[in-house]
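>>> Need coordinates for the following:
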Amino acid sequence: MEKRNISVGLDIGTTKIVAMIGCKNEYGKIEVLGIGKAKSLGVKRGVVNNITQTIQSIQQAVEESESVSGQEIKDVVVGIAGQHIRSLHHSDYITRDDADKVIDEADIEELINQVHKLVMLPGEEIIHVLPQDFKVDSQEHIKETIGMYGGRLEANFHVVVGQVSSIKNIGRCVKSAGLDLSEITLEPLASASAVLSQEEKEAGVALIDIGGGTTDLAIFKDGIIRHTAVIPFGGNVITEDIKEGCSIIEKQAELLKVKFGSAWPGENKENEIVSIPGLRGREPKEITLKNLSKIIHARVTEIIEQVYLEIKNYGHETQKGKLIAGIVLTGGGAQVKHLKQLVEYITGMDTRIGYPNEHLAGGSDEALSSPSFATAVGLLMEGLEKREKSEILENPDLEDGDEDQTFEAAEEESSHEAESKQRTQNSGMKKSIFEKFTERFREFLDNAE
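Residues are numbered from 1 along each chain as shown. As a prediction, this is how the structure comes out:
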């Protein structure tokens, strides 16, 4: 296995920190070479609140991943989320000097750079500027403007904004753990890469990623991301409620939620009881599963209603904004029993659970296809795609090397290449913007030392 084709996704979550190392096999599927997990002690609601503990957790996850894979980890693709992330819509335009010259990437870059100059609230920074659709002179709803003629170039943008200090703290933790930041990606986008199909993104879909500290929402329509939001509640709040409601310790509450929890109280009979060992010789506690379900149901309903409000704010109820593919649930919190049924009941939208196994190579460890690893798989995919792109740029004649490929393998590769090309076209703009942001971010970290 050539070392250059290996990438690492680092998911810094509220509950756990995951370092996933992998490469692509000959069929374009992801082969996970090693995975390392560590309890996340210094992160609350997606925001670092203890630098030292976060660094230790990152190092622990990375070391475990290195020992399993036998590879040395130098740089990582990191995801950012957290309650400080918000998004807004903005329209902007530029007037071109020469309307008789075709519109090229430089024009679009100029327009995007103009959006980057928007004045934000104190302590906030624009992370992400995503063009939605363009308008050239009076012609509207254009997806691809390159190669067209026109004097005035206008676009609608989806702008993602985050707290500067929170983003820099994550960068500082990664650097102090002895790693380089190869890319920063918005976590809902990474999860979307792992669990959504291109057809769903075209038809219109809402991805709900229920993590430990936050619930992330990403809405796609016509293949473009249209809306993002972060709800500052996740699986940990449910555990907290069980702890308080049943007067037990957190470890027992988490175990109860995972093993016996259900989001639908009607499923449990009154006489179904689970016994919890008492502390230090105290009497064991008896908890009815119906009671447990009621606690989970109340909190999950609150989270889903907040997410549904965001979906309605986006405009799902309008004919133009209808999300035909419905909702995809992922993240660790998506594993609560009967959650799918509850979401369908509250929203009236088709719902499925999103597993990242579609992109994983055959024979992969079954645990990796759990929704709780969707973000890590997505980050690994982003890293591998970036590697592939930079390799093609460095060696344009790379593909001509293998003359003796079998016809079948060549055919497989060309279909994968077409898919990859489509994905790159859809996300090319996003990538280049993010790369610029990462460059500026690295510069800041170097200067701060």
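>>> List the contacts of the residue lying closest to Ile248 once chain neighbours are set aside.
Nearest residue to Ile248, sequence neighbours excluded (C-beta to C-beta, 6 or more residues apart in numbering): Ile276, at 5.6 Å. Every C-beta, even on glycine, is put in place using the N, C-alpha and C of the backbone. Applying C-beta atoms under 8 Å, 6 or more residues apart in numbering to Ile276 gives the contacts Cys246, Ile248, Gln252, Leu256, Pro284, Lys285, Glu286, Ile287.
>>> What are the boundaries of the strands in the stretch 251-400 of the chain?
All strands of the stretch 251-400 of the chain, identified by DSSP state E, counting those that start in this stretch, fall at 273-276, 285-288, 327-330, 351-353.
>>> was I right about Lys201 contacting Ala218?
No. Taking contacts as C-beta atoms under 8 Å, Lys201 lies outside contact range of Ala218: 9.8 Å.
>>> Those two: who's more crowded?
A direct count of neighbours by other C-beta atoms under 10 Å for Lys201 and Ala218 places Ala218 higher, at 25 against 21.
>>> Spit out the contact partners of that one.
Going by C-beta under 8 Å, 6+ apart, Ala218 touches Pro188, Leu189, Ser191, Ala192, Ala206, Leu207, Asp209, Ile225, His227, Thr228.
>>> list the contacts for Gln60?
Contacts for Gln60 were tallied using C-beta under 8 Å, 6+ apart; they are Ile17, Gly36, Ala38.
>>> Figure out the helix or strand that the first one lives in.
It refers to Ile17. strand 16-24 (DSSP states H and E).
>>> Check the contact lists of Lys201 and Ala218 and give me the overlap.
With C-beta under 8 Å, 6+ apart as the test, Lys201 and Ala218 both reach Ala192.
>>> thinking again about what came up before, list only those of the contacts of Ala218 flagged as buried.
Buried by 16 or more other C-beta atoms under 10 Å: Pro188, Leu189, Ser191, Ala192, Ala206, Leu207, Asp209, Ile225, His227, Thr228, out of the contacts of Ala218.
>>> Need phi/psi at the second one.
Yep, that's Leu189 we're talking about. phi -70, psi -40 (degrees, to the nearest 10).
>>> Next, work out how far apart it and Lys320 are.
Using C-beta to C-beta, to the nearest Å, Leu189 is found at 23 Å from Lys320.
>>> Could you measure from Leu179 over to Asp222?
Using C-beta to C-beta, Leu179 is found at 37 Å from Asp222.
>>> Okay, now the unreliable bits of the stretch 301-449 of the chain?
Across the stretch 301-449 of the chain, the ranges flagged by pLDDT under 70 are 395-449.
>>> quick revisit: out of the buried ones among the contacts of Ala218, which sit inside helices?
Secondary structure from DSSP state H places Pro188, Leu189, Ser191, Ala192 of the buried ones among the contacts of Ala218 in helices.
>>> can I get those residues in a markdown table with distance to Ser57 and pLDDT?
Formatted as a markdown table, those follow (distance: C-beta to C-beta, whole Å; pLDDT from 0 to 100):
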| residue | distance to Ser57 | pLDDT |
| --- | --- | --- |
| Pro188 | 22 | 88 |
| Leu189 | 23 | 88 |
| Ser191 | 20 | 93 |
| Ala192 | 25 | 93 |
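>>> Going along the chain, name the strands of the stretch 51-200 of the chain.
With strands called from DSSP E, counting those that start in this stretch, the stretch 51-200 of the chain shows them at 75-80, 86-95, 124-136, 139-142, 152-163, 180-186.
>>> ok now the third one, how far from the chain's centre?
Taking C-alpha atoms, centre = their mean, to the nearest Å, one finds the center of strand 124-136 at 18 Å from the center of the full chain.
>>> other SSEs contacting that strand?
Judged by 3 or more C-beta pairs under 8 Å, 6 or more residues apart in numbering; DSSP states H and E, strand 124-136 is in contact with helix 105-116, strand 139-142, strand 152-163, helix 164-176, strand 180-186, strand 224-231, helix 407-448.
>>> ok, Ile219 touching Ile311?
Yes. Counting by C-beta under 8 Å, Ile219 touches Ile311, with 6.8 Å between them.
>>> Comparing the two, which shows the higher neighbour count?
Between Ile219 and Ile311, counting by other C-beta under 10 Å, Ile219 is the more crowded of the two (28 against 21).
>>> check contacts around the more buried one.
Ile219 is in contact with Gly204, Val205, Ala206, Leu207, Ile225, Arg226, His227, Thr228, Ile311, Tyr314, His316, Leu323, counting by C-beta under 8 Å, 6+ apart.
>>> Same list (those residues) but as a markdown table, adding distance to Ile392.
As requested, those are arranged in a markdown table below (distance: C-beta to C-beta, whole Å):
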| residue | distance to Ile392 |
| --- | --- |
| Gly204 | 32 |
| Val205 | 30 |
| Ala206 | 33 |
| Leu207 | 29 |
| Ile225 | 25 |
| Arg226 | 30 |
| His227 | 32 |
| Thr228 | 29 |
| Ile311 | 38 |
| Tyr314 | 35 |
| His316 | 38 |
| Leu323 | 34 |
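>>> Relative to Ser65, which of those residues is nearest.
Minimum distance to Ser65 across the contacts of Ile219 is 25.8 Å, recorded for Leu207 (C-beta to C-beta).
>>> and Ala263, how many neighbours?
Neighbours around Ala263, by other C-beta under 10 Å: 23.
>>> Quick check: it vs Leu181, distance?
On the measure of C-beta to C-beta, Ala263 and Leu181 end up 37 Å apart.
>>> And Ile12, by the same measure?
Taking C-beta to C-beta, one finds Ile12 at 12 Å from Leu181.
>>> any idea how far the residue of the chain most remote from its centre lies from Gln252?
Centroid-distance maximum for the chain: Gly281 at 44.7 Å, with C-alpha atoms, centre = their mean. Remark: distance between Gly281 and Gln252 (C-beta to C-beta) = 16 Å.
>>> again with Lys117
Computed as C-beta to C-beta, the Lys117 to Gln252 distance reads 52 Å.
>>> of these two, who's got more company?
Gln252 (18 against 8).
>>> So Leu179 and Asp222 - more neighbours on which side?
Leu179 (20 against 14).
>>> who touches that one in this structure?
By C-beta under 8 Å, 6+ apart, the contact list for Leu179 reads Leu10, Ile58, Val62, Ile73, Lys74, Asp75, Val76.
>>> ok, now with 6 Å
Val76 (C-beta atoms under 6 Å, 6 or more residues apart in numbering).
>>> which phi and psi does it have?
Backbone torsions for Leu179, taken as degrees, to the nearest 10, come to phi -120, psi 160.
>>> any idea of the pLDDT on it?
Leu179 carries a pLDDT value of 92.
>>> how far away is it from Val78?
According to C-beta to C-beta, Leu179 and Val78 sit 9 Å apart.
>>> same deal with Ser293?
Distance, Ser293 to Val78, by C-beta to C-beta: 37 Å.
>>> higher neighbour count, the two?
Set Ser293 next to Val78 and count neighbours by other C-beta under 10 Å: Val78 wins out with 27 against 23.
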